[in-house]
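J.: Below are the sequence and a predicted model for it; my questions follow.
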Amino acid sequence: MTQDTTRSGQGQDAAQGDEARERRLQRSNRRVAIAACLGVVTMTGAAYAAVPLYELFCRVTGYGGTTQRADVDADRVIDRTITVRFDGNVNSRLPWEFGPEQRTITLKMGETRQLNYVAKNMSGSETVGTSTFNVTPFEAGVYFNKIDCFCFLEQPLKAGEDVEMPVVFFVDPAMDEDPALKDLREITLSYTFFPAKSSETPVAARADEPAEKNRL
């Protein structure tokens, strides 16, 4: 009788142990599932935030020659001068001529200037273009401020139509205090226009089909 009771107790203990392990396993699985869901939510949120965060990073650091945006003129003008060279390019699938009215401007740092680019639709039908840009050397991008610019805006042109597109800018005098740019004498501002309404990657961004230069 005592042995039967002992075996019965051992069986109950084993059953209880199995139930405890099962509960621990279930709790562990729930934690893993919750962690996975949180991970998905986090990654989804990060994906949506990636583009504006990247754009902010580029604007703050001038990464890749990204210029700055300004609402007002510089707060000071210094005697050091800088030459800005202007470059215009057109994607080979966009039938435009595009280029600056003036190739270079020499100005004082902090001085606001305006230059016009001109685009002309050489085709027999309306086309729509949009442009990307950068500044070289890339390190100067953080000091190049644009008050007004046509970049990233869709520009429709009727057959044979031409249009002037102004760029209003200044070079931040703070560049004079940057040891890495102390001897810099020239900055190049370059634009490339490509077809705006296309589901494909712009030709200008494809390595196998480089953009063509069409300057007025």
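T.: Structure received.
J.: Any idea how many residues pack against P137?
T.: Using other C-beta atoms under 10 Å, the number of residues around P137 comes to 14. For the C-beta atoms, the positions are set from N, CA and C on the backbone; glycine is no exception.
J.: In this model L184 seems to touch it, though I could be wrong.
T.: Yes: counting by C-beta atoms under 8 Å, P137 touches L184, with 7.1 Å between them.
J.: Tell me the first helix or strand C-terminal of the lowest-mean-pLDDT helix or strand in the chain.
T.: Lowest on mean pLDDT, DSSP states H and E among the helices and strands of the chain sits helix 2-61, with a mean of 50. Once the chain leaves helix 2-61, the next helix or strand it forms, by DSSP states H and E, is strand 68-69.
J.: which other helices and strands contact that following strand?
T.: strand 144-148 (3 or more C-beta pairs under 8 Å, 6 or more residues apart in numbering; DSSP states H and E).
J.: Need the contact partners of the strand it packs on.
T.: Residues from elsewhere that reach strand 144-148 (C-beta atoms under 8 Å, 6 or more residues apart in numbering): 62, 67-74, 112, 114, 135, 166-172, 187, 189.
J.: Repeat that for stretch 129-140.
T.: 62-67, 94, 96, 119, 141, 144, 149-155, 157, 171, 175, 178, 180-181, 184, 187-196, 202, 204.
J.: now the helix or strand that contains T132 and strand 144-148, what's the angle there?
T.: Per DSSP H and E: T132 is located in strand 127-136. Going by axes from the mean of the first three to the mean of the last three C-alpha atoms, to 10 degrees, strand 127-136 is angled at 150 degrees with respect to strand 144-148.
J.: What residues of strand 127-136 count as buried?
T.: 127, 129-136 (16 or more other C-beta atoms under 10 Å).
J.: Most widely separated two among the residues you listed?
T.: Among the buried residues of strand 127-136, the pair separated by the greatest distance (C-beta to C-beta) is T127 and T136, at 28.1 Å.
J.: Just give the nearest non-adjacent residue to Q102, would you?
T.: Leaving aside its sequence neighbours, Q102 sits nearest to L115 (C-beta to C-beta, 6 or more residues apart in numbering; 5.8 Å).
J.: Tell me how far T106 lies from R93.
T.: 35 Å (C-beta to C-beta, to the nearest Å).
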